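Novice: pasting the sequence and the predicted model now:
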Amino acid sequence: MMAMARTFLIAATAATVAFGALAHAQEPVSALRGHNSNAPVDVTSDRIEVQDRADRAIFAGNVRVRQADLTMEAQRVTVAYSTGGGIQINRIEAAGGVVVRSPSETARGQFGIYDTDRKLITLIGGVQLIRGGSQVNGARLVIDLDSGRAVIDGGPAGVGQSGGRVTGRFTVPQRGNR
């Protein structure tokens, strides 16, 4: 019993050190923190379909969306907009191998939503967040562009399943032999 408690204590200490090293090594919190969601949005694709009455445009084939230092790539992107006082983008929905990149982070998922009004990016489906040599995997990722906070869920429980898990691998600063 004592050996099991000691093993648990060592594992807990190692996890605390790893998470502390990750937090310390990555200040500020995120390159996405304070992202300028008012910057112009540039979109390129193989094809575009504008549905003016529905206030949306559908981009298909090798779509790339860029806003300041943030890029989103996917096979299909739907841009919802309003036209009061000019075109204002409200929401960007992406499907098919979605990749979101900033100068220091890369996030991947099957589907993505960028809510420009709420300044939130949500990715779902086999999500992966990579920063430096660290990586976290799960079912859903939500990034708050104001705070830079990223939350990854393991996913809900399905029929006969207990729910998904979040997994991660974190780099630890290299130290000299002591």
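Specialist: Good, I have the coordinates.
Novice: give me the element the residue nearest the centre of the chain is part of.
Specialist: The centre of the chain sits closest to Ala107, judged by C-alpha atoms, centre = their mean, with a distance of 4.5 Å. Assigned by DSSP states H and E, Ala107 falls within strand 105-115.
Novice: who are the contact partners of the residue nearest to the centre of the chain?
Specialist: By C-beta atoms under 8 Å, 6 or more residues apart in numbering, the contact list for Ala107 reads 99-101, 121, 123, 127-130, 141, 143. Where you see a C-beta, it was placed from the backbone N, CA and C, and this is true even at glycine.
Novice: and if we set it to 7 Å?
Specialist: For Ala107, the contacting residues are 100, 123, 128-129, 141, by C-beta atoms under 7 Å, 6 or more residues apart in numbering.
Novice: thinking again about what came up before, buried ones in the strand holding Ala107?
Specialist: By 16 or more other C-beta atoms under 10 Å, the buried positions in strand 105-115 come out as 105, 107-109, 111-115.
Novice: what are the boundaries of the strands in this protein?
Specialist: 41-44, 47-51, 56-67, 70-82, 88-101, 105-115, 120-131, 134-144, 150-153, 167-169 (DSSP state E).
Novice: can you give the distance from the last one to the centre of its chain?
Specialist: Using C-alpha atoms, centre = their mean, to the nearest Å, the mean C-alpha position of strand 167-169 is found 15 Å from that of the whole chain.
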